[in-house]
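Visitor: Attaching a predicted model along with its sequence, questions to come.
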Amino acid sequence: MSNEGTRSTHDLLIIGAGPVGLALALALKDAGLDIVLADARPRTVVSADPRDLALAHGSRLTLQRLGVWDAIATTAIEHIHISQQGGFGRTLLDAAEHELPALGYVVSAGGLTAALRAAVDAAGIAVMDETEVLNLAPGADDIIASLGGPGRPATTLSARLAVCAEGGLRAGDPNVIEHDYQQHALIAQLGVAGGHRSTAFERFTDEGPLALLPKDGGYALVHVVRPDSADALLALDDAAYLARLQAHIGNRARLTNVSKRLRYALVLRYRKSAIGQRTVWLGNAAQTLHPVAGQGFNLALRDVWALADTLLRHCSEAAPGARRDPGNTRVLSDYARRRGLDRLGTIRFTDTLARVFSNDIAPLRHARGAALFALDVCPPLRHFIARRMMFGARAWP
């Protein structure tokens, strides 16, 4: 770290020390860049994130490249059963059909963050916890960040590039597209008699998808409903709520208990462009997606890997002795070109699924059933959908 007066200078400032920001720092640990991360939250809060993430097979490959896969507790998804309530048609995706050990994995967001943070610490990359980035002022040669935090004086630092990996998607921003799904998601942990058999269920109801993801010996639940239904379901005791869930899934699994239920509103927000002057937005700072098909974090990790690869390539092309500039326009434009198809394709894919599978209009219900039936009897189509879910719109590893 060098100093210009009292202002520290860096090549890269990463805002957000959650799994997205930490993964980027780790991917660039051997790039020869001066990297610093800042997060407004205490470290213990970030590592205690109660959410569960569904990692696609492609995300496993990325985490293996980062050297953290073996440090993460995961539960494999070998089979995915997809169906709709009150209509015909279902399909089954199977890892063996694609010659893979698993289609995906379920992991605790807090556990993943803790493993990434340990690796970042071991690499000697600086993380400023409880440090809020109050403002970013981009200029021709660098970007100035104003920092603040509890019990500390306001300071500034400069960087060649700022990567925003947490928050910042505000309503009213002309660069942000927004759609309120008028749905809430209830999340909880479920017990199941006889174990989950490495099988995930995606059950579409007239209010939204209900997902059971194998986690440890039971299931992680994502139950999407209308806001008024969420109010009513949260008011039920555990036995009554389990009975509602059991009615939705039938005899596919016998549920035995449920943990405390949490809820959050579902709103699609995404930036029309994920790059700006000496700035890149990643993860939920670039887009927040509907949880259907579990694509949000997987898209973010593909963005992380592509950005790191772009920066490494351009840094290696710098003339000997010249200061590397990861934030110049050519670098960021190259990254944007590489990620445009997959990013917008994944946003549209999940948005279409959420809209088409969250209503009970008879013609659509029949069309959904026909689509599920077609997937079930057409292996090439099923293979294409599976690869898209594992590797993104380009369906590349």
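Guide: Okay, I see it. Numbering: from 1, shown residues only.
Visitor: which ones are touching the residue most central in space within the chain?
Guide: Ranked by distance to the mean C-alpha position of the chain (C-alpha atoms, centre = their mean), the top residue is residue 297 at 1.5 Å. The contact partners of residue 297, taken as C-beta atoms under 8 Å, 6 or more residues apart in numbering, are 19, 20, 53, 54, 55, 59, 283. No exception for glycine: its C-beta is placed from N, CA and C like everyone else's.
Visitor: between the residues you listed, which has the most around it?
Guide: The residue in the contacts of residue 297 with the most neighbours, by other C-beta atoms under 10 Å, is residue 19 (29 neighbours).
Visitor: tell me the secondary structure for the residue nearest to the centre of the chain?
Guide: Of the three states, residue 297 takes helix according to DSSP: H, G, I helix; E, B strand; the rest coil.
Visitor: Let's see which of the contacts of residue 297 end up in strands.
Guide: With DSSP state E as the criterion, strands contain 53, 54, 55 from among those.
Visitor: what residues are up against the closest residue to the second one other than its chain neighbours?
Guide: This means residue 54. Nearest non-adjacent residue to residue 54, counting by C-beta to C-beta, 6 or more residues apart in numbering: residue 294, 3.5 Å away. Residue 294 is in contact with 53, 54, 56, 104, 211, 213, counting by C-beta under 8 Å, 6+ apart.
Visitor: and the longest helix anywhere in the chain, what does it pack onto?
Guide: Using DSSP state H to define each element, the chain has its longest helix at helix 329-356. Counting contacts by 3 or more C-beta pairs under 8 Å, 6 or more residues apart in numbering; DSSP states H and E, helix 329-356 packs against strand 176-192, strand 262-271, strand 275-276, helix 296-316.
Visitor: if we go to 7 Å?
Guide: When contacts are defined as 3 or more C-beta pairs under 7 Å, 6 or more residues apart in numbering; DSSP states H and E, helix 329-356 packs onto strand 275-276, helix 296-316.
Visitor: Nearest to residue 128 among the ones you listed would be which one?
Guide: Closest of the helices and strands packed on helix 329-356 to residue 128 is helix 296-316, at 19.9 Å (criterion: C-beta to C-beta).
Visitor: what angle separates the helix or strand where residue 24 lies from strand 52-56?
Guide: For residue 24, the enclosing helix or strand under DSSP states H and E is helix 19-27. Relative orientation of helix 19-27 versus strand 52-56 (axes from the mean of the first three to the mean of the last three C-alpha atoms, to 10 degrees): 50 degrees.
Visitor: Is it possible to get CSV of the contacts of residue 297 that adds distance to residue 380 and pLDDT?
Guide: Converted to CSV, the contacts of residue 297 look like this (distance: C-beta to C-beta, whole Å; pLDDT from 0 to 100):
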residue, distance to residue 380, pLDDT
19, 34, 97
20, 33, 97
53, 29, 94
54, 24, 93
55, 25, 95
59, 24, 94
283, 33, 94
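Visitor: related to what we said a few turns ago, buried deepest among the helices and strands packed on helix 329-356, which one?
Guide: Ranked by mean neighbour count, those are led by helix 296-316 with a mean of 21 (mean count of other C-beta atoms under 10 Å).
Visitor: Give me the angle between it and helix 329-356.
Guide: Put simply, helix 296-316 runs at 170 degrees to helix 329-356, going by the same axes, to 10 degrees.
Visitor: quick one: average confidence on helix 296-316?
Guide: Mean pLDDT, helix 296-316: 94.
Visitor: still on that earlier bit, now for the helices and strands packed on helix 329-356, which one comes closest to residue 68?
Guide: It's helix 296-316; of those, that one is closest to residue 68 (C-beta to C-beta) at 11.7 Å.
Visitor: so after the least confident helix or strand in the chain by mean pLDDT, what's the next helix or strand?
Guide: Of all helical and strand segments in the chain, the minimum by mean pLDDT, DSSP states H and E falls on strand 2-4, at a mean of 39. Going down the chain from strand 2-4, the next helix or strand is strand 7-15, by DSSP H and E.
Visitor: Need the contacts of residue 297 in a markdown table (columns: distance to residue 198).
Guide: Shown next, in a markdown table, are the contacts of residue 297 (distance: C-beta to C-beta, whole Å):
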| residue | distance to residue 198 |
| --- | --- |
| 19 | 23 |
| 20 | 27 |
| 53 | 17 |
| 54 | 13 |
| 55 | 14 |
| 59 | 17 |
| 283 | 28 |
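Visitor: Show me which of those residues is closest to residue 114.
Guide: Distance to residue 114, by C-beta to C-beta, is smallest for residue 19 among the contacts of residue 297, at 9.7 Å.
Visitor: re earlier: make JSON lines out of the helices and strands packed on helix 329-356 and add distance to residue 248.
Guide: Formatted as JSON lines, these follow (distance: least, C-beta to C-beta, whole Å):
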{"stretch": "strand 275-276", "distance to residue 248": "42"}
{"stretch": "helix 296-316", "distance to residue 248": "23"}
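Visitor: so which of the ones you listed comes closest to residue 342?
Guide: Closest among the helices and strands packed on helix 329-356, once you apply C-beta to C-beta, is helix 296-316, at 6.2 Å.
Visitor: Need the three-state assignment for residue 290.
Guide: Classified using three-state DSSP, residue 290 is coil.
Visitor: Run a quick neighbour tally on it.
Guide: Applying other C-beta under 10 Å, we find 25 residues neighbouring residue 290.
Visitor: Just the local confidence number for residue 253, please.
Guide: 93.
Visitor: ok, now which ones touch it?
Guide: Going by C-beta atoms under 7 Å, 6 or more residues apart in numbering, residue 253 touches 192, 212.
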